[in-house]
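**Q** curious how this folds, go ahead:
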Amino acid sequence: MKRMRKLLSALILSLPLLAGPAAAQSAVDQKALAAMSSDAVVFGAQKGPANLAPRAIGSYAKGCLAGGRALAVDGPAWQVMRLSRNRNWAHPDMIALVERLAIEARAEDGWNGLLVGDLAQPRGGPMLSGHASHQVGLDADVWLTEMPDRTLSRKERETINATVVTKDRKSIDKKVWTESHARLIKRAASYPEVARIFVHPPIKAELCKWAKGDTAWLAKVRPYFGHNYHFHIRINCPKGSTTCKNQPTPHPKDGTGCGEELAYWMGDVPWVPKKKPDPNAKPAKPVKPPPPMTVSALPAECRTVVTAE
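**A** Model prediction:
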């Protein structure tokens, strides 16, 4: 038995965390692990959580999740989208926050309910596709599309597209954007446990124009690419997660991030290549891709998480 465990540990340390369709095909369950299958061990293959005390382990983009809890796919004020991904898992603190946000948004902000996108995989860790972060159960994507007043079918949850609220990289679509969007984001950013809210740059610009009175919450709202149909909530490391690494607290010069930082994102610099390619230049040498991430590259506790019952 000891020899088997040593062999299993060696296998886990050496196996890459694959990404893409091949990973899904090569994913294995615990029985296959016990049988020393040659298939790769990937977090995306795990169908359920690690039966351990709830802990966020590592950093948002390099870690895993112990004792994850699933957000109910249908709640009193929310529905989970893209169920086939099995990414409605998170640390219990994040689950509680999403539930609270949905219920309060329905009661006070004019939302019928929220459509919830990706949280994390059952045991967190690197995903097969889509996200660099969302690894420790402390991230959640909330669509900027209101929940309909009926229960969506599983098929609809796979095929319905979220509403894009921007016209382009510098402007909001006034036909789509409403004050209820602003109130929802403000509510989420105002929760003390929230560390960051990521939105597309013109959404941040619109919030800066809209905000009155207390604007301290705006410092948490950060512009970043790819958030024109949803906003991304990130919370601080929960109590008891001793090896979790918090993101530094934002301290924009103007206190809100509506000044220099926003001007940068609303300009051309972040969106265009730094240098135009020289048509007469010699072909560059191909860049060697980085080696695949292995379980050994993650915090040591993640080995226990991926093999736990």
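
**Q** alpha carbons only for contacts and neighbour counts from here, please
**A** Fine.

**Q** contact partners for the most centrally placed residue in the chain?
**A** The residue lying closest to the centre of the chain (CA atoms, centre = their mean) is His134, at 3.6 Å. Listed by CA atoms under 8 Å, 6 or more residues apart in numbering, the contact set of His134 reads 60-61, 119-120, 124-125, 140.

**Q** cool, His91 as well?
**A** For His91, the contact set (CA under 8 Å, 6+ apart) comprises 54-56, 65-69, 136-138.

**Q** same question, Ser84
**A** With contact set as CA under 8 Å, 6+ apart, Ser84 has these partners: Glu158.

**Q** tell me if it really is in a helix.
**A** Yes - using DSSP: H, G, I helix; E, B strand; the rest coil, the assignment for Ser84 is a helix.

**Q** circling back: out of the contacts of His134, what pair is the most spread apart?
**A** Greatest spacing in these, by CA to CA: Gly125 and Ala140 (14.3 Å).

**Q** just the terminal-to-terminal distance for stretch 60-78.
**A** From its first residue to its last, stretch 60-78 covers 24 Å (CA to CA, to the nearest Å).

**Q** would you mark the buried spots in it?
**A** Neighbour-count burial for stretch 60-78, counted by 16 or more other CA atoms under 10 Å, picks out 60, 62-71, 77-78.

**Q** circling back: ok, Gly125 and Ala140, which is more surrounded?
**A** More crowded of Gly125 and Ala140, by other CA atoms under 10 Å: Gly125, with 31 against 27.

**Q** leaving out chain neighbours, which residue sits closest to Ala225?
**A** Careful, residue 225 is Phe; it's not Ala. Once flanking residues are discounted, Phe225 sits nearest to His200: 5.6 Å by CA to CA, 6 or more residues apart in numbering.

**Q** so that neighbour touches His227, yeah?
**A** Yes - with contact defined as CA atoms under 8 Å, His200 reaches His227; the gap is 4.5 Å.

**Q** those two: which is more packed in?
**A** For His200 versus His227, the count of surrounding residues by other CA under 10 Å is larger for His200: 26 against 21.

**Q** what pLDDT is listed against the more buried one?
**A** At His200, the pLDDT value in this model is 95.

**Q** which parts of the stretch 101-250 of the chain are strands?
**A** Per DSSP state E, counting those that start in this stretch, the stretch 101-250 of the chain carries strands over the ranges 114-116, 139-146, 166-168, 171-172, 194-199, 221-223, 230-235.

**Q** for the longest one, which strands pair with it and how are they oriented?
**A** Listed by DSSP bridges, the sheet partners of strand 139-146 and their directions read strand 114-116 (antiparallel), strand 230-235 (antiparallel).

**Q** which parts of this structure are helices?
**A** For the chain, helices defined by DSSP state H occupy the ranges 2-14, 21-26, 30-34, 92-108, 154-159, 179-190, 201-210, 260-266, 301-307.

**Q** in JSON lines, list the ones you listed along with mean neighbour count and distance to Ala45.
**A** Shown next, in JSON lines, are those (neighbours: other CA atoms under 10 Å; distance: least, CA to CA, whole Å):
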{"stretch": "helix 2-14", "mean neighbour count": "14", "distance to Ala45": "14"}
{"stretch": "helix 21-26", "mean neighbour count": "14", "distance to Ala45": "7"}
{"stretch": "helix 30-34", "mean neighbour count": "13", "distance to Ala45": "10"}
{"stretch": "helix 92-108", "mean neighbour count": "19", "distance to Ala45": "21"}
{"stretch": "helix 154-159", "mean neighbour count": "13", "distance to Ala45": "19"}
{"stretch": "helix 179-190", "mean neighbour count": "19", "distance to Ala45": "31"}
{"stretch": "helix 201-210", "mean neighbour count": "21", "distance to Ala45": "35"}
{"stretch": "helix 260-266", "mean neighbour count": "16", "distance to Ala45": "37"}
{"stretch": "helix 301-307", "mean neighbour count": "19", "distance to Ala45": "10"}
